[in-house]
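Asks: Sequence and predicted structure below; questions after.
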Amino acid sequence: MNTKDLQKKQAAKAAIKYIQSDMVVGLGTGSTVAYFLDALAKSDRRIIGVTTSKVTSERCATLKIPIVDIDEVDHIDVTIDGADEVDTYLNGIKGGGAALLMEKIVAKNSRENIWIVDNSKVHDTLGAFPLPVEVIPYGSGQLLRQFADKGLFPKLRRSQVDNQPIITDAGHYIIDCHMTTINNPYALAEYFESQVGVVEHGLFLNICDRVIVGGETIQIQERQQNQMGIK
Ligand SMILES: O=C(CO)[C@H](O)[C@H](O)COP(=O)(O)O
């Protein structure tokens, strides 16, 4: 196992201590969450899961972790998810696995959000990871032009198998914006939120409460309420 995978697994295992039996637990998407699901299935915690993608639902079925639809619960106690990038303010980029829409819906309905990451995901400023933006297929070519005019270096995400656009679980496209640095994530989030045809963007701001970073020593960072992360 390489260092990144080892750290993902360490972070995933460390997250189990935040889970108690009978909790309603939001279950994110990605390889780190897959390690968390394995650890959860082996643990003595008996939870009810709310998933964020078909792939996570399928893994829960295999591992016999019970899940319900998000609309069947009146609250979610805690959500455990991965991230593509996280900054010192615990703002982050998500959507590398094309699940950002459901991940954000579940996160926004959770009392607490915990991210589990390997050390390579932690940066001072966001932007090293291309920012995913989920869009309606109709008119997506126009959005690509507008994003390019704004200097966001957009690229439609395509399948490596057949070069066709990736379709999300909700039937949308993903445009990845290759900016390298995002100086003001709040202004950028507002821009995307004002564009017709944009369903959701991968900037998760003021959402994460705690990040667990895998490593020889597990690091746990908690969000400071009064820091926004505008550079
Ligand atoms: O946002 C996500 C999926 O949409 C994932 O949480 C993110 O891509 C991290 O994935 P991994 O744990 O495989 O590195």
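Replies: Everything's here; your move.
Asks: tally of neighbours for the residue nearest to residue 154 when sequence neighbours are not counted?
Replies: Of all residues not flanking residue 154 in the chain, residue 147 sits nearest, at 3.8 Å (C-beta to C-beta, 6 or more residues apart in numbering). Where you see a C-beta, it was placed from the backbone N, CA and C, and this is true even at glycine. Residue 147 has 22 neighbours, counted by other C-beta atoms under 10 Å.
Asks: Looking at residue 147 now. What's its pLDDT?
Replies: Each residue has a pLDDT score; the one for residue 147 is 98.
Asks: Helix or strand next in line after the helix or strand hosting it, which one?
Replies: With secondary structure defined by DSSP states H and E, residue 147 is part of helix 140-149. Proceeding N to C from helix 140-149, the next assigned helix or strand is strand 154-156, under DSSP H and E.
Asks: Is any residue of the helix or strand following that following strand near the ligand?
Replies: Downstream of strand 154-156, the next assigned helix or strand under DSSP H and E is strand 173-177. No. Under the criterion of C-beta under 6 Å from any ligand atom, the ligand is not reached by strand 173-177; the shortest gap measures 9.4 Å.
Asks: follow-up on the earlier one: for the helix holding residue 147, list every residue counted as buried.
Replies: 140, 143-144, 146-147 (16 or more other C-beta atoms under 10 Å).
Asks: CSV for the residues you listed, including distance to the ligand?
Replies: Below are the buried residues of helix 140-149 laid out as CSV (distance: C-beta to the nearest ligand atom, whole Å):
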residue, distance to the ligand
140, 19
143, 20
144, 20
146, 23
147, 19
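Asks: Could you point out the member of the residues you listed that lies closest to residue 221?
Replies: residue 147 (31.2 Å; C-beta to C-beta).
Asks: Would you agree the closest one is in contact with residue 179?
Replies: No. Counting by C-beta atoms under 8 Å, residue 147 sits too far from residue 179 to count as a contact (9.9 Å).
Asks: what touches both of the two?
Replies: Shared contacts of residue 147 and residue 179, defined by C-beta atoms under 8 Å, 6 or more residues apart in numbering, comprise residue 153.
Asks: Can you mark which positions in stretch 39-52 are buried?
Replies: Across stretch 39-52, burial judged by 16+ other C-beta under 10 Å covers 39-40, 45, 47-52.
Asks: Go ahead and name everything in contact with that stretch.
Replies: The contact list for stretch 39-52 (C-beta under 8 Å, 6+ apart) reads 12-13, 15-16, 19-29, 57, 60, 63-70, 73, 76, 79, 81, 99, 102-103, 105-106.
Asks: centre of the chain versus that stretch, how much separation?
Replies: Chain-centre distance of stretch 39-52: 18 Å, with C-alpha atoms, centre = their mean, to the nearest Å.
Asks: what's the first-to-last distance across it?
Replies: Start-to-end span of stretch 39-52 (C-alpha to C-alpha, to the nearest Å) is 18 Å.
Asks: what does stretch 175-190 give?
Replies: Distance between the boundary residues of stretch 175-190 (C-alpha to C-alpha) amounts to 17 Å.
Asks: Please apply the same query to stretch 160-173.
Replies: Stretch 160-173 has an end-to-end distance of 15 Å (C-alpha to C-alpha).
Asks: got it, and stretch 97-112?
Replies: 22 Å.
Asks: Report the buried residues of that stretch.
Replies: Result for stretch 97-112 [16+ other C-beta under 10 Å]: buried residues 97-107, 109-110.
Asks: what residues does it touch?
Replies: 18, 26, 28-30, 50-53, 55-56, 70, 75-79, 81-82, 94-95, 113, 132, 134, 157, 166, 168-170, 172, 174, 199-202, 204, 207, 209-210.
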